[in-house]
Structure formats: C-alpha cells, structure tokens
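Chemist: 3D model of this:
(one chain, ligands or ions: 1)
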Amino acid sequence: MQKIIWVINGPNLNKLGERQPELYGTQPLATIEQNCRHLCAEHNIGLEFHQTNHEGLLVDWVQTASEKAAALIINAAAYTHTSIALHDALKLVKVPIIEVHLSNIYQRETFRKESLISPCVNAVIAGFGGKGYTMAIRSLIEQIVNDKV
Ligand code: DQA
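Modeler: So this is what the prediction gives:
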C-alpha cells in the first residue's frame, strides 16, 4: 500500500502570500502544496495537505493522521504557542512528526518562543520559509522509504 505523508496547517496560513510577506514570504500555501506534491510523487509517496483556522479540526486531523499517515508535518501556526489539545493529540502519534515554521520563532516576540507541541515531535524546522516544508518531506521520505515505519 502507498505510504502517505500528512501535512497539517493551522490558522491564517491560508493567507500566505499576502500576510506579512517580510516574515512569511510571498509564496501562497497552494504553491508550497504543489512543491510538496511534486516531491512526494517523484518518490511514489502520497500526500494529504490540509489547512484550517479551527483548533478542533487540527486535533481531528492529527488523530486521523495517527491512523493513516506514514509521517506527519505540522505547522500549527498560532496554536503552536497555546494548544494543549494539540500537544495531547500529537502524543498519540507513533509515526515521525516534523514541526515546521516559516519564520524563525526563536528570533521573534517572547510569546512565540515557546512551542507547546515541540515536546511531541521528532524535529523542528524554522526560518527557511516555504522551503522548510520540502526539507521536512525529504527527510521523512528518507525515513519512511528506509522502512523505519
Ligand atoms: C508560524 C509562526 C507562528 O508564531 C505564527 O502564529 C504563524 C506562523 C510560522 O510558520 O512561522 O501563524 O507558525
């Protein structure tokens, strides 16, 4: 059966391109999705790519991913810094998880320096803009193709 990587995006990431481009870049989320899709297709890996502004839906998707995904990438956006519900959901996931942020959250406001989800993930990629997603995909493909999952 084809392995699938899930990419889950949180609030306001649907506004990428127009939202603070000096921080988040000019690429719309659809372009980031396309780049991820091409990369996965080259390796015969499936991709589920989602965005929502709603915390509960993020939790639902994390739970679904824990059953269906070979690996998970999450940019929880502002919920990164607030959501115990997401922390708890991610704790249930057995497959590799990479937390991605477009910006370097450690270089920004104090309230962004803490991630409530980092303790539940295998790695964090922050500060590479949209490229961070494909970096995460490459790394996860290497892991799942080598059949560590
Ligand atoms: C973000 C960083 C968060 O602090 C912020 O709330 C976002 C985007 C990033 O990708 O850099 O919405 O997750």
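
Chemist: in which helix or strand would I find the residue most central in space within the chain?
Modeler: Per C-alpha atoms, centre = their mean, the C-alpha nearest to the average position across the chain is that of I74, at 2.3 Å. Using DSSP states H and E, I74 sits in strand 71-75.

Chemist: Note down every partner strand of that strand and its orientation.
Modeler: strand 4-9 (parallel), strand 97-101 (parallel) (DSSP bridges).

Chemist: buried stuff in the following helix or strand past that strand?
Modeler: Downstream of strand 71-75, the first helix or strand assigned by DSSP H and E is helix 84-91. Buried residues in helix 84-91, defined by neighbour count with 16 or more other C-beta atoms under 10 Å: L86, H87, A89, L90. Any C-beta I mention is one placed from the backbone N, CA and C, and that applies to glycine too.

Chemist: before we move on, what about stretch 92-103?
Modeler: V93, V95, P96, I97, I98, E99, V100, H101, L102, S103.

Chemist: now, the most widely separated pair of those residues?
Modeler: V95 and S103 (25.9 Å; C-beta to C-beta).

Chemist: any weak-confidence spans in the protein?
Modeler: For the chain, the stretches flagged by pLDDT under 70 are 147-149.

Chemist: Close to the ligand: what parts of it are there?
Modeler: Residues of the chain that fall close to the ligand, judged by C-beta under 6 Å from any ligand atom: N12, N75, A77, A78, T80, H101, L102, S103, I105, R112.

Chemist: now the helices for this protein?
Modeler: 21-24, 29-42, 55-68, 84-91, 110-113, 131-145 (DSSP state H).

Chemist: ok, residues contacting the fifth one?
Modeler: Applying C-beta atoms under 8 Å, 6 or more residues apart in numbering, the contact partners of helix 110-113 are T80, H81, I105, Y106.

Chemist: before we move on, what about the second one?
Modeler: Where contact means C-beta under 8 Å, 6+ apart, the residues beyond helix 29-42 that reach it are 5, 7, 9, 13-14, 16-17, 46-47, 49, 51, 130, 133-134, 137-138, 141.

Chemist: next one: the first one
Modeler: In this structure, residues lying in contact with helix 21-24 by C-beta under 8 Å, 6+ apart are L16, L102, S103, G129.
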